[in-house]
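Peer 1: would you be able to build a 3D model of this:
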Amino acid sequence: MTRDHEDLDLTTTAEEESTVVVLLRSAVDGVEHPPAPDGAALAHSAVRRVRARRALLTAGVGTAAATAVVVTTALTGPWDAPPGPVASAPATPAAPAASAPAASAAPAQEEPAPEPTYLPVGDGELPLLPGVEHGAVDLEHSEYRIEGGLVYTMPRGGRWVLRDVDTVDASSTPPSMVWDVSTQTEWAQGAAYPEEEFEATPMAGSKATIRLDVAADAASWQVPDRDSGAWTVDVPGADLVVVTRGPAEEPGLARWDAQVRRGDSGWTIRMDFTDDEVGDRVAAEFLGNLWFQDDGPPEWFVPTHEFPVVDGIVHGVPEGWQEVSLGEVTLAVPAGWTYSDRTDEYQRHSLWEGDVATSGFRLSDGTTEDVRWSVLVSLATRGPSNDVPGVPVWLGPQPQTLQVPGADFAEADTTLGPFYADRSVRSYWTTIELHQAGPKGRNASVYISVPADEEGLEILRGVMGSVRFP
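Peer 2: Below is the predicted model:
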């Protein structure tokens, strides 16, 4: 028996909310919704998105969150304190150990170290950090931004650690972010991940983190001496970038500190990465992929996902389709799609599934499942809209406003890119956030996954055009 959302426990963990931010990407910044942001409403908006994902996992069917994040644990450590000033004389990154020569071989002749390349930094100059390559990011990735428009690319395994749900949410560009970039070393109970995603994740289980903060004292920053041991990185549009490397408090980790300044704005970046070649490589990749939103993407930037606007939407039920409902929400799905109830202790969910998208998706118990294209409807609270104005923290266009009968708020985010269960398959993923007109109207969400071809696009248009309230 289903229950209204008011009867259900609405509590959630910060880690669950971080999953939503990273992967559903449904933060909104549109029109026709309440003008003043509200922290509690923002948190509830994030909560219902993660619970939709939990509903999909209930019966062993994977979700988009499955391949990009794993269950996080509470973080404690040096990142909880405000970052200190950048050190002026860091240790030099450790070079990979050379193989011992054979006994009969002649002694190896050491090659002289290459001369460093110096770049102007503020009123001085610093050597360029070795190993930095613009656009070099390991496999699938996501782009985010912090207050002031600094854009950064997360390495695989990264996920948001939400420290204060009342002041920081998916729908705001935060002044401070902390990411855990070391996935856990065993499968989460009931979760579904592709085998290769887990095995290939760098720095797994190491407690590696990234912290970014807006700096209020950027105008007073001084450039270290050119031979102090500090480096710089060519960040397009920045007038000062200082990078250092030294020991971290956590055993086995090295601390990378960076200051990035553009005019009067500044940011500090602290990366506690593994004290080895892998950590140094990921640090160089991260620093080599910083840029500013106001300038637009650099020529070397290659995004993983596209963010199309779905046009050609026709209102009504497409010919031959079946009209279905969950509570106050009615929509249509193609004939032959099958229904299952995914209601849990938190929320009411209904799932309709079509053709198989990919087979052999590995679950945590070692079994495999077919993953199908789907439409999931989730009901949330009644009352004022939980979606409020804001700037999405993830990098993408503004949400698409929809005309939905009976709704006073309806917006959609659509991404086009690798399918979460099989990166060789491309898919559309659309999240629609709805509020039924009236002070006691229902909040609801619709999640659609279809193949990235003409047939999939027609299904997406049909579902989007059929959504309505009574």
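
Peer 1: any idea which helix or strand carries the closest residue to Ala452 other than its chain neighbours?
Peer 2: Of all residues not flanking Ala452 in the chain, Arg426 sits nearest, at 3.8 Å (C-beta to C-beta, 6 or more residues apart in numbering). For glycine as for every other residue, the C-beta is placed from the backbone atoms N, C-alpha and C. If you go by DSSP states H and E, Arg426 is part of strand 422-436.

Peer 1: quick one: average pLDDT of that strand?
Peer 2: Across strand 422-436, the average pLDDT comes to 90.

Peer 1: name every strand pairing with it and say which way it goes.
Peer 2: Sheet pairing here is set by DSSP bridges, and for strand 422-436 it gives strand 407-419 (antiparallel), strand 442-451 (antiparallel).

Peer 1: follow-up on the earlier one: for the residue nearest to Ala452, give me its contacts.
Peer 2: By C-beta atoms under 8 Å, 6 or more residues apart in numbering, the residues touching Arg426 are 416-419, 451-452.

Peer 1: out of the residues you listed, who has the most neighbours?
Peer 2: Phe419 (22 neighbours; other C-beta atoms under 10 Å).

Peer 1: surely it and Arg372 touch.
Peer 2: No - judged on C-beta atoms under 8 Å, Phe419 makes no contact with Arg372 at a distance of 11.4 Å.

Peer 1: overlap in contacts, those two.
Peer 2: Between them, Phe419 and Arg372 share the contacting residues Ala357, judged by C-beta under 8 Å, 6+ apart.

Peer 1: could you pull out the helices for the stretch 201-350 of the chain?
Peer 2: 277-287 (DSSP state H, counting those that start in this stretch).

Peer 1: that one: strands as residue ranges?
Peer 2: Ranges of strands in the stretch 201-350 of the chain, per DSSP state E, counting those that start in this stretch, are 209-215, 240-247, 253-262, 265-274, 291-292, 322-326, 329-333, 338-341, 348-362.

Peer 1: mind checking which of these is nearest Ser466?
Peer 2: Of all the strands of the stretch 201-350 of the chain, strand 329-333 sits nearest to Ser466, with 3.7 Å by C-beta to C-beta.

Peer 1: other SSEs contacting the closest one?
Peer 2: With contacts taken as 3 or more C-beta pairs under 8 Å, 6 or more residues apart in numbering; DSSP states H and E, strand 329-333 sits against strand 322-326, strand 368-382, strand 442-451, helix 454-466.

Peer 1: how does it look with 10 Å?
Peer 2: If contacts are counted by 3 or more C-beta pairs under 10 Å, 6 or more residues apart in numbering; DSSP states H and E, strand 329-333 sits against strand 322-326, strand 348-362, strand 368-382, strand 422-436, strand 442-451, helix 454-466.

Peer 1: next, the angle strand 442-451 makes with the shortest one.
Peer 2: In terms of direction (axes from the mean of the first three to the mean of the last three C-alpha atoms, to 10 degrees), strand 322-326 departs from strand 442-451 by 140 degrees.

Peer 1: and for the fourth one?
Peer 2: On the basis of the same axes, to 10 degrees, strand 422-436 is oriented at 160 degrees to strand 442-451.

Peer 1: any idea of the mean pLDDT in stretch 287-300?
Peer 2: 92.

Peer 1: got the buried residues for it?
Peer 2: 287-292, 298 (16 or more other C-beta atoms under 10 Å).

Peer 1: measure that stretch end to end?
Peer 2: 14 Å (C-alpha to C-alpha, to the nearest Å).

Peer 1: next one: stretch 431-443
Peer 2: 13 Å.

Peer 1: where does the stretch 1-150 of the chain have low pLDDT?
Peer 2: Residue ranges of the stretch 1-150 of the chain with pLDDT under 70: 1-110, 137-141.

Peer 1: how about 90 then?
Peer 2: 1-116, 122, 133, 135-147 (pLDDT under 90).

Peer 1: and Leu434, what does it touch?
Peer 2: 328-329, 377, 379-380, 385, 387, 402, 404, 406-412, 441-446, 467-469 (C-beta atoms under 10 Å, 6 or more residues apart in numbering).

Peer 1: same question for Val151.
Peer 2: Taking C-beta under 10 Å, 6+ apart as the test, what Val151 contacts is 143-145, 289-295, 297-298, 301, 395.

Peer 1: shouldn't it be within a helix?
Peer 2: No - using DSSP: H, G, I helix; E, B strand; the rest coil, the assignment for Val151 is strand, not a helix.

Peer 1: just list whatever residues bridge to it.
Peer 2: Per DSSP bridges, the residues bridged to Val151 are Arg145, Trp291.

Peer 1: any idea how far it is from Ala283?
Peer 2: 17 Å (C-beta to C-beta, to the nearest Å).

Peer 1: again, but for Glu345
Peer 2: 42 Å.

Peer 1: quick one: which of the two has more around it?
Peer 2: Neighbours were counted for Glu345 and for Ala283 using other C-beta under 10 Å; Ala283 has more, 27 against 9.

Peer 1: how many neighbours does the nearest residue to that one once chain neighbours are set aside have?
Peer 2: Excluding the flanking residues, the one nearest Ala283 by C-beta to C-beta, 6+ apart is Trp256, at 4.8 Å. For Trp256, the count of nearby residues is 26 (other C-beta under 10 Å).

Peer 1: verify the contact between Trp256 and Asp272 for me.
Peer 2: Yes - counting by C-beta atoms under 10 Å, Trp256 does reach Asp272; the two are 7.8 Å apart.

Peer 1: what touches both of the two?
Peer 2: Joint contacts of Trp256 and Asp272 (C-beta under 10 Å, 6+ apart) are 210, 248, 279, 283.

Peer 1: between these, which is nearest Gly266?
Peer 2: Among the shared contacts of Trp256 and Asp272, and counting by C-beta to C-beta, the member closest to Gly266 is Ile210, at 17.1 Å.

Peer 1: that closest one: neighbouring residues, count only.
Peer 2: By other C-beta under 10 Å, neighbour count at Ile210 equals 24.

Peer 1: likewise for Val223?
Peer 2: 20.

Peer 1: show me what the residue lying closest to it once chain neighbours are set aside is bridged to.
Peer 2: Using C-beta to C-beta, 6+ apart and skipping residues adjacent in sequence, the residue nearest Val223 is Gly124, 3.9 Å away. Beta-bridge partners for Gly124, by DSSP bridges, are Val121.

Peer 1: check contacts around Pro236.
Peer 2: Going by C-beta under 10 Å, 6+ apart, Pro236 touches 134, 262, 290-292, 295-301.

Peer 1: can you lay out the contacts of Arg426 as CSV showing distance to Val356 and pLDDT?
Peer 2: Shown next, in CSV, are the contacts of Arg426 (distance: C-beta to C-beta, whole Å; pLDDT from 0 to 100):
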residue, distance to Val356, pLDDT
Leu416, 20, 92
Gly417, 20, 87
Pro418, 17, 85
Phe419, 12, 85
Pro451, 11, 96
Ala452, 16, 96
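
Peer 1: what's the closest of these to Ala204?
Peer 2: Pro418 (20.6 Å).

Peer 1: I'd guessed the closest one sits against Ala357; true?
Peer 2: No - with contact defined as C-beta under 10 Å, Pro418 and Ala357 do not form a contacting pair (11.9 Å).
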